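Trainee: task: produce atomic coordinates for the following.
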Amino acid sequence: MKIKKISLLLFMILGWIVHIHGQDVIYSQFYANPIYLNPAIAGSKMSSRLTLNYRNQWPTVSQGYNSFSASWDQPVEKISGALGVIVNADVAAGGIYNNFSANGIYAYRLEVSRKILVNAAFQVGYIQHRLDWSKLVFEDQANQTIPSQLNVGKLDFSAGVLAGYGEHLYLGVAVNHLTQPDMSYYDGTINRMDMRFTVHSGVLIDVKEGANRSDLGSLSISPNIVYVQQGKFRQLNLGVYANSYPLIAGLWLRHSFGNPDAAILLLGFQQKNYKLEYTFDYTLSRLKIGTGGAHEISMVFLFNRNKTSYKHRELKVTGF
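Mentor: Numbers count the residues shown, from 1 in each chain. Alright, predicted model coming up:
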């Protein structure tokens, strides 16, 4: 009974954060889940790319929040761009509250000049919120009104733009949930998802002057900024990556404007065609480390790398 009450409390908290305010999950490994961050990153590598992501948030809280993501993207010469697909799932409070989405992406590639590349992307998909009422326990079961629908599914649309200057500087903007779908469980009420705005930018710096970026042994660092806003929720992320093949390290600070949220430590290992990364979010807010912070793991695979010929150049961004 104690576990069920804790689950109910967690559901109420998560419901307030995620459902009422329509806040999407924000992964800490931004560029290891590239087309979740911005659909315009699809096709930025001149090879097929598979990404797998898992996030465990607040692990010391009973039956916390688990998120899963898988995506595939690849350039397609005949359509002057790229195609991608991404599937996301969130499981909260032991399955009381669940989100699922599946999206397809088309990104158009434009070479503005010898140094400037632009990707413009449109994303369309399906989003579903599901509530398992049978797992909820109330003190007075008789007076609880069951929602008129426990599964709510709607079409969802998003778009993004990514620009790169040379092989060093990039800037991206994305807007998710353009039509703000109504995800209310009750008839006669409206609960629209807020649009999610993302702005991200970074620079790739070779520590050794004149180093060839294709040289896996070269040392590089990459300062980055990621800003996310969804409704009243705002988040600013400042960080830096250091890459010395085959090791990767990173340090980020996430700030939610009301208070500093978390420090994010990243460690990774890479080879020519795959990369594995782990991050830990150390809580700095009033929740402290009692929540257990958050653990996140990602795997990225590249296929047919350097085996196919495209007329376009790679659009360089941090990550794989």
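
Trainee: where are the low-confidence patches of the stretch 201-320 of the chain?
Mentor: 209-217, 286-290, 305-312 (pLDDT under 70).

Trainee: show me where it has its strands.
Mentor: 205-206, 219-230, 233-244, 247-255, 260-270, 274-283, 294-303 (DSSP state E, counting those that start in this stretch).

Trainee: make CSV out of the ones you listed and add mean neighbour count.
Mentor: C-beta here means a position set from N, CA and C on the backbone, and glycine is covered the same way. Converted to CSV, the strands of the stretch 201-320 of the chain look like this (neighbours: other Cβ atoms under 10 Å):
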stretch, mean neighbour count
strand 205-206, 14
strand 219-230, 18
strand 233-244, 17
strand 247-255, 17
strand 260-270, 18
strand 274-283, 18
strand 294-303, 19
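
Trainee: phi, psi of Pro34?
Mentor: With angles defined as degrees, to the nearest 10, Pro34 sits at phi -60, psi -50.

Trainee: how close does the nearest residue in space to it that is not next to it in sequence get to Asp182?
Mentor: Once flanking residues are discounted, Pro34 sits nearest to Ile41: 4.0 Å by Cβ to Cβ, 6 or more residues apart in numbering. Per Cβ to Cβ, to the nearest Å, Ile41 is found 29 Å from Asp182.

Trainee: right, and Phe157 touches Val175 too?
Mentor: No. Counting by Cβ atoms under 8 Å, Phe157 does not reach Val175; the two are 9.3 Å apart.

Trainee: and the closest residue to Gly250 other than its chain neighbours, how far from Leu171?
Mentor: Of all residues not flanking Gly250 in the chain, Leu266 sits nearest, at 3.5 Å (Cβ to Cβ, 6+ apart). Distance from Leu266 to Leu171, counting by Cβ to Cβ: 22 Å.

Trainee: tell me how far the residue lying closest to His255 once chain neighbours are set aside lies from Ala102.
Mentor: Nearest non-adjacent residue to His255, counting by Cβ to Cβ, 6+ apart: Leu236, 4.8 Å away. Distance, Leu236 to Ala102, using Cβ to Cβ: 29 Å.

Trainee: what's across from Ala120 in the sheet?
Mentor: Using DSSP bridges, the bridge partners assigned to Ala120 are Tyr108, Val161.

Trainee: picking that back up, any chance of a markdown table for the strands of the stretch 201-320 of the chain, columns distance to Ser28?
Mentor: Below are these laid out as a markdown table (distance: least, Cβ to Cβ, whole Å):
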| stretch | distance to Ser28 |
| --- | --- |
| strand 205-206 | 22 |
| strand 219-230 | 10 |
| strand 233-244 | 8 |
| strand 247-255 | 7 |
| strand 260-270 | 5 |
| strand 274-283 | 5 |
| strand 294-303 | 5 |
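
Trainee: Gly94 is nearest to which of those?
Mentor: Closest approach to Gly94 among those (Cβ to Cβ): strand 294-303, 17.4 Å.

Trainee: relative to that closest one, what are the paired strands and their orientations?
Mentor: Assessed with DSSP bridges, strand 294-303 is paired to strand 48-57 (antiparallel), strand 274-283 (antiparallel).

Trainee: got those strands as TSV, with distance to Asp194 columns?
Mentor: Formatted as TSV, those follow (distance: least, Cβ to Cβ, whole Å):
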stretch	distance to Asp194
strand 48-57	20
strand 274-283	23
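
Trainee: of all the ones you listed, which lies closest to Ile190?
Mentor: Ile190 lies closest to strand 48-57 among the strands paired with strand 294-303, at 27.9 Å (Cβ to Cβ).

Trainee: gap between that closest one and the chain center?
Mentor: 9 Å (Cα atoms, centre = their mean, to the nearest Å).

Trainee: then stretch 228-236?
Mentor: Worked out by Cα atoms, centre = their mean, stretch 228-236 lies 14 Å from the chain centre.

Trainee: ends of it, how far apart?
Mentor: Stretch 228-236 has its terminal residues 7 Å apart, counting by Cα to Cα, to the nearest Å.

Trainee: on that earlier part again, what's the closest of the strands of the stretch 201-320 of the chain to Arg49?
Mentor: strand 294-303 (5.7 Å).

Trainee: which other residues reach that closest one?
Mentor: Contact with strand 294-303 is made by 27-29, 32-33, 45, 47-59, 262, 272-281, 319-320, as judged by Cβ atoms under 8 Å, 6 or more residues apart in numbering.

Trainee: now that strand and strand 260-270, what's the angle there?
Mentor: 40 degrees (axes from the mean of the first three to the mean of the last three Cα atoms, to 10 degrees).

Trainee: got a list of what Leu247 touches?
Mentor: 267-270.

Trainee: output the residues you listed in JSON lines; the columns should cover distance to Gly166.
Mentor: Listed next are the contacts of Leu247 as JSON lines, based on distance: Cβ to Cβ, whole Å:
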{"residue": "Leu267", "distance to Gly166": "29"}
{"residue": "Gly268", "distance to Gly166": "25"}
{"residue": "Phe269", "distance to Gly166": "28"}
{"residue": "Gln270", "distance to Gly166": "23"}
